[in-house]
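Novice: Requesting a structural model of the entry that follows:
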Amino acid sequence: MATRLESFETAVRETTASTIRATPETVEEALSDAIAEPAVGAPLPFDDVAIDDASVPITVDPTREELLAAETGVTGAVLGIASYGSVVLRSTTDVDELAALFPDRHVVLVRERDVVDDMATAFDELAPIFEEEAADAIIATGPSATADMGALVYGAHGPREVHVIVIDESESSASTSGGGR
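Specialist: Residues are numbered from 1 along each chain as shown. Have a look, this model is predicted:
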């Protein structure tokens, strides 16, 4: 039987997105591999990993022009949903949503411990946050796609590519692997 993380990674790949496993020590390498320049991003919702960890420059708090010119948007997810391969992005700044939707490539980081089994569990996890403060969130599943005109087209209403970096904080994880794992 697949673990929750394996189920999440399989579901992510079924959306045509990719997964990359990294440890807090290898996030820099994973970010550098996944980002196409220029890149914009929002501060990550983690204490132990920062957007500054990439060896490629990521503009935080971008101007309108920088956002429109960006090839990659980098955000952090508060949850991953294993049954759908979805990520939950909190809108804590103006940049969160824009960095996830405008650039053609979205690189999103999620901690392994924040991957839950299903949508019901995700709502249970989010409920206390939304009860305490006025907040919103985006549940994103893979690249933007539409078949309104018959043919499947990616990138019509959001990113064409999505790369999910799963931060594995267990001591047994020692490497980064890309493109489908």
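Novice: In contact with the residue nearest the centre of the chain, which residues?
Specialist: Taking CA atoms, centre = their mean, the centroid of the chain lies closest to residue 108, which sits 2.0 Å from it. Shown in contact with residue 108 (CB atoms under 8 Å, 6 or more residues apart in numbering): 74, 75, 76, 77, 87, 89, 100, 140, 162, 163, 164, 165. Backbone N, C-alpha and C define where each C-beta goes, glycine included.
Novice: Show me the shaky parts of this protein.
Specialist: 53, 155, 171-181 (pLDDT under 70).
Novice: how about the strands of it, start to end?
Specialist: For the chain, the strands defined by DSSP state E occupy 18-22, 39-41, 58-60, 72-76, 79-81, 86-90, 105-111, 115-116, 137-140, 145-146, 153-154, 161-167.
Novice: a markdown table for the ones you listed, including distance to residue 29?
Specialist: Shown next, in a markdown table, are those (distance: least, CB to CB, whole Å):
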| stretch | distance to residue 29 |
| --- | --- |
| strand 18-22 | 7 |
| strand 39-41 | 15 |
| strand 58-60 | 15 |
| strand 72-76 | 14 |
| strand 79-81 | 21 |
| strand 86-90 | 21 |
| strand 105-111 | 13 |
| strand 115-116 | 21 |
| strand 137-140 | 24 |
| strand 145-146 | 29 |
| strand 153-154 | 26 |
| strand 161-167 | 10 |
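Novice: how far does the longest helix anywhere in the chain sit from the chain's center?
Specialist: Of all segments of type helix in the chain, defined using DSSP state H, the longest is helix 119-132. Mean-position distance between helix 119-132 and its chain equals 19 Å (CA atoms, centre = their mean, to the nearest Å).
Novice: Please apply the same query to stretch 144-161.
Specialist: 18 Å.
Novice: swap in stretch 18-37?
Specialist: That offset, for stretch 18-37, works out to 11 Å (CA atoms, centre = their mean).
Novice: now the residue nearest to the centre of the chain: how far from residue 148?
Specialist: 25 Å (CB to CB, to the nearest Å).
Novice: swap in residue 157?
Specialist: 10 Å.
Novice: What of residue 62?
Specialist: Taken as CB to CB, the span from residue 62 to residue 148 is 30 Å.
Novice: Please identify which of those two sits among more neighbours.
Specialist: More crowded of residue 62 and residue 148, by other CB atoms under 10 Å: residue 62, with 23 against 8.
Novice: between the contacts of residue 108, which is nearest residue 26?
Specialist: Using CB to CB, residue 165 comes nearest to residue 26 of the contacts of residue 108, at 9.6 Å.
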